[in-house]
Structures are given as C-alpha cells and as structure tokens.
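need coordinates for the following:
(chains A and B)
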Amino acid sequence: MNWMPLSIKGTPQGLLLQPKSQSWTEFLEALKQSLYDAPAFFKGGRVILDLGKRELKEDELLALRKLLNEHDIELFAVLGEDAQTQRTTRSYGIRTRLPGERHSQQRTNEPQVQGNALFLQKTLRSGQSIDFAGTIIILGDVNPGAEVKAGGNIMVWGKARGLLHAGAMGDENAVICALDMQPAQLRIAGYINRAPEGKNYQSQPEMAMVDGTMIVVQPWIARG
Amino acid sequence: MAGKIITITSGKGGVGKTTTTANLSMGLAILGARVICIDADIGLRNLDMMLGLENRIVYDLVNLIEGRCRFRQALIRDKRFPELHLMPAAQTRDKKDIREEDMERIARQAAEMADYVLIDSPAGIEHGFRYSTVAADQVLIVTNPEVTAVRDADRVIGLLEAEGHKNSKLIINRVKPELVRRNEMMDTSAIVDILAIDLIGIIPEDSDILFASNRGSPVVLDKNSAAGQAFREVTYRLQGQDVPFTPLKEPSLLKKLFGLR
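Model prediction:
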C-alpha cells in the first residue's frame, strides 16, 4: 500500500496523473486498476499527464490515449521537460502546457484554486461513508465506524473519530484537519497512522500531514 | 385520533429492548393509556414471558398476517390492566414470513384501537429491523454504557435518519453509578455526545429487573425499585411531561452483599 506506480490527484483543470514507476507497462496496469476500482472518479473527466523529466515514446502515448478513450476520458495535456516528447505530443493535437496556471508540486502558502470541494453539513455515523475526488469539508462529526475518503484534503469542523483517508489517489501533500482529532485511523496517500494508545489526549484543533515517511499530527497554529 | 406508534430498537442484541418494551407498555397502562405491544422478534419470542402472558397465546402476529385469525383474536389482554394488550410473535416461524407492508398495515390498525402501539424490534439492522421501524412515529433506541452497544446504536440512528426518522430518542440501560464514578464505565454525557440525540431515559442496573422478568411481572410495577422508577419517568416523558432525571444512587452495601434493599 505504501508504494503505488502512479499518483492521481484532482486539480481544477482535470485529474493529474504522475507516473512513479520507470516501467510504462506497470504504470498503465496501475492506471487500469484505478479505472476499474473507482470508475465514478474518472467518468467523463479529463486527465493531465505529468511526466517530469522522463521521455514518452509515441506508442506509449498512443497506448495511454487509447486506454483513456475506452473509459470516456479525455487526455487533456501532457506536461514534461523532454523536448522530443513535447513535439510528439503536439503532433497529436494534445497540449503540453496548461492554460493560465502553473502546477505546484509542493505545499505552498500561495492561494490555490483546488477544483470542486464537497461540503457536507451533517454528522457521519457508524457505517456511513463518503468518497469524493476533491477536497471534503464536513461541518459535523465523523463518528467511530464512519469512513471519509478524499482525493484531496479533508477538513472536519467537529470531532474526527472514524477513519479518514486524504489524498486517496496518491497525493502525499494532502492534509487532514479537525477541530478535535481522535480518529481510529488516519491515512494520507499510502501512509497509515493509528491513534496512540492511552488516554493522554487533549481536545484541540490539529492537522495531519505526511512528513518524510510518516503521518504527523500537530496542533493547529495559523502560520502567516 | 390514531395512537402513536413507537418502535424500540438497538442494533446490538441483549441491551434490554424487550425489557424496555415490557416496562414502558405496562408503565403507560398504569397511567391509564390504552396500549398494544407487538413482539416483532419472530422466531425468538420473549415479550410474552416478561409480561407473564406466555400460557395465554392462541394466535400470533404471523397467523394474523396470513389471515388465519381476526385482529382481536391475535391480541392477548393483560391479566392486570384490561387496556394493555400483547400481540405475540410466532415462535416457530421466521422473520422472512413478514413483509414491511404487512407490518405497517397491522401497526396502523393497532393504532386505531390504542393510544400507544409499542413494537419490540429484533436485534440487528436487517429485515427484522426494517419492518419493525417502517410504521414508527417515533423510535426509541436502547443502548448500554459500552462502546460496542454505542457503536451499534450510532449505526442504527444513521439508518433511521436516512429513512426520514427525525425524532428518535435514547434510553441508556444498565448504568452502574459506582462504575461510572470510578471511570470504569462510559458516563451518559459521553454517550449522548457521540449519538447526538435526545435522552429520554437512564435506567440503572438493577437485579430486580432479572427477578421481575423471570416472574413475568415487569419492574415498573415495583414501587421500591430504582429501575422501575426510571421506567416510570420515561412513560411520563413519552406523554410529553418534562420530568427531571433522578440522580442515580449507588446501591447500599447491604444490597450489594445480600441483594437486599
């Protein structure tokens, strides 16, 4: 669970795919699995492929586009630094830059437009679950036995006691905030953290994020 | 005017649904209300025993649904209160013999003849729970001060909310004040904090309940019993009175040692 051959995250322009594996076949297989696991997540959407420094061959590009088309998904853009890949991409009428916006890799203090968020004004009770590709905001409690799974961040304006999974498609920059953080389990991307045993716990707003190779939970202090 | 249909349910088994149904039915009858209680736990018939009416059963709920008897024939009149009637469950049948629409029709028909119709739901969240709550005007959720029972109650409340039941009320049963004081048992405010619905009763653990159930004489009839007093308070609240919660007293040493009072 800790390592996935790809990361998927929701952006205002579409779903951003980042291959994490050197093998293109492995990446495509993982993508196929994701399409199979969560069809609603992708349906009718568009995808932005972020290659970073890697090259993409023509047949690799075509294989990806074919797979996406089969699922009714548009390959909207292919971002990357390699000049040959950019030329190949453009020759198929696929853009190599996003209109207007620069993609940010790091957590940033700059304002970000983050696409759709789900705003839920109720308490999630045991056995209830919510699943959404973007950020989830809950005005209420998440009771023990309830599950929240977000492609983006999770904010709970209440008590978080159930299972919370942010960055569920692999976004390690996702965070989880709650006014009162007592979850059974926290997950961010592929990382899992349990609540510490014992009763030394203080009711205060806290934020969970991935730091290095683990999820850390810290008291919430507004930073400039 | 049709009477009020109240379903008693819990999710988890063994928390005291049937005890609560028996006591509230009888408690409302003591106050002079016309009450019909329906045992919806087909195949695990218990309510008749707690009311001491087991040996009077001729017809049951499934017989009525199948048209083998008339409505009145399936009702057993209580031996103490003529305005209290029990509709027993079938012991040799199965929950799948009841459809939601059958149960709804019978509950509404009962409500035409009574001020209160109390339905004792089976444990669980499956078919038996669904047909028991389909006609309810109000649902009472019974839980114990245990994390498992509270978790299941939360699940049930979520399911009820999804079905549009808005005014469910909570009864916390088997509270032991001495354990709460020693921090060894969830206190009632922690339970209400999680479940976030109105509390209508806190019933102390009371060995009288066991004796009373075995005798077929609900504890609500016992003027000296703390649990009986707590159930009586619930009946007042069901009738719309604003009754303060009696602080729970720890049982005396004598009672703890010898079961005396």
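
how many other residues sit next to the residue lying closest to residue A:140 once chain neighbours are set aside?
Leaving aside its chain neighbours, residue A:140 sits nearest to residue A:123 (3.9 Å; criterion: CB to CB, 6 or more residues apart in numbering or on different chains). For every residue, glycine as well, the C-beta is placed using N, CA and C. Here the count is done by other CB atoms under 10 Å in any protein chain shown, and residue A:123 has 22 residues near it.

isn't residue A:123 right up against residue B:197?
No: counting by CB atoms under 8 Å, residue A:123 does not reach residue B:197; the two are 10.5 Å apart.

dump the residue contacts of residue A:23.
Shown here is residue A:23, whose contacts under the criterion CB atoms under 8 Å, 6 or more residues apart in numbering or on different chains are residue A:5.

give me the phi and psi angles of it.
Dihedral angles phi and psi of residue A:23 (degrees, to the nearest 10) take the values phi -90, psi 120.

quick one, what contacts whatever residue of chain B ends up closest to chain A?
Closest residue of chain B to chain A, CB to the nearest CB: residue B:158 (3.3 Å). The neighbourhood of residue B:158, defined by CB under 8 Å, 6+ apart, consists of A:124, A:125, A:126, A:127, A:128.

which of those has the most neighbours?
Neighbour max across the contacts of residue B:158 (other CB under 10 Å) = residue A:125, 28 neighbours.

for residue 174, what are its contacts?
With no chain named, the answer covers chain A. A:9, A:150, A:152, A:153, A:154, A:166, A:167, A:188, A:189, A:209.

that's the wrong chain, I wanted chain B
B:15, B:16, B:144, B:145, B:203, B:204, B:205.

what do you get for residue B:30?
Counting by CB under 8 Å, 6+ apart, residue B:30 makes contact with B:81, B:220, B:221, B:232, B:235.

same thing but at 10 Å, please
If a contact means CB atoms under 10 Å, 6 or more residues apart in numbering or on different chains, then residue B:30 has B:80, B:81, B:84, B:218, B:220, B:221, B:232, B:235 as its contacts.

which of those residues are buried?
Using 16 or more other CB atoms under 10 Å in any protein chain shown as the burial test, the contacts of residue B:30 include B:81, B:84, B:218, B:220, B:221, B:232, B:235 as buried.

among those residues, which ones are in helices?
Taking DSSP state H, the ones among the buried ones among the contacts of residue B:30 that sit in helices are B:232, B:235.

also near chain A: which of the buried ones among the contacts of residue B:30, exactly?
Checked against chain A using CB under 10 Å from any CB of the partner chain, the buried ones among the contacts of residue B:30 give no members in range.

could you dump the buried ones among the contacts of residue B:30 to JSON lines with distance to residue B:244 and pLDDT?
Converted to JSON lines, these look like this (distance: CB to CB, whole Å; pLDDT from 0 to 100):
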{"residue": "B:81", "distance to residue B:244": "27", "pLDDT": "97"}
{"residue": "B:84", "distance to residue B:244": "27", "pLDDT": "98"}
{"residue": "B:218", "distance to residue B:244": "23", "pLDDT": "96"}
{"residue": "B:220", "distance to residue B:244": "19", "pLDDT": "96"}
{"residue": "B:221", "distance to residue B:244": "23", "pLDDT": "95"}
{"residue": "B:232", "distance to residue B:244": "13", "pLDDT": "97"}
{"residue": "B:235", "distance to residue B:244": "15", "pLDDT": "97"}
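
I believe residue A:34 is in a helix; please confirm or correct that.
Yes: the assignment for residue A:34 is a helix, going by DSSP: H, G, I helix; E, B strand; the rest coil.

separation between it and chain B?
Note on residue A:34: its distance to chain B, by CB to the nearest CB, to the nearest Å, is 29 Å.

what do you get for residue A:134?
Taking CB to the nearest CB as the measure, residue A:134 falls 24 Å from chain B.

before we move on, back to that, can you tell me which of the contacts of residue B:174 has the most neighbours?
Using other CB under 10 Å as the contact criterion, the top neighbour count among these goes to residue B:203, which has 27 neighbours.

ok so that one is a helix residue?
No: according to three-state DSSP, residue B:203 belongs to no helix; its state is strand.

nearest to chain B, of the contacts of residue B:158?
Here the nearest of the contacts of residue B:158 to chain B, counting by CB to the nearest CB, is residue A:125; it sits at 3.3 Å.

distance check, that closest one against residue B:157.
6 Å (CB to CB, to the nearest Å).

what residues are up against the nearest residue to the residue of chain B closest to chain A once chain neighbours are set aside?
Counting by CB to CB, 6+ apart, residue B:158 lies nearest to residue A:125, which is 3.3 Å off, once chain neighbours are set aside. Applying CB under 10 Å, 6+ apart, we find residue A:125 in contact with A:140-146, A:162, B:151, B:153-162, B:194-196.

near chain A, which residues of the stretch 101-250 of chain B are found?
Taking CB under 10 Å from any CB as the criterion, the neighbours of chain A within the stretch 101-250 of chain B are B:125, B:147, B:150-162, B:183, B:193-196.

for burial, what's the neighbour tally of residue A:194?
When neighbours are defined as other CB under 10 Å, residue A:194 has 10 of them.

show me where the chain has its helices.
With no chain named, the answer covers chain A. Counting by DSSP H, the helices of chain A are A:24-37, A:39-42, A:58-70, A:83-91.

not quite, go with chain B.
Taking DSSP H as the test, the helices found in chain B are B:17-30, B:47-50, B:61-65, B:100-113, B:127-133, B:147-162, B:177-181, B:188-195, B:207-215, B:226-238, B:253-258.
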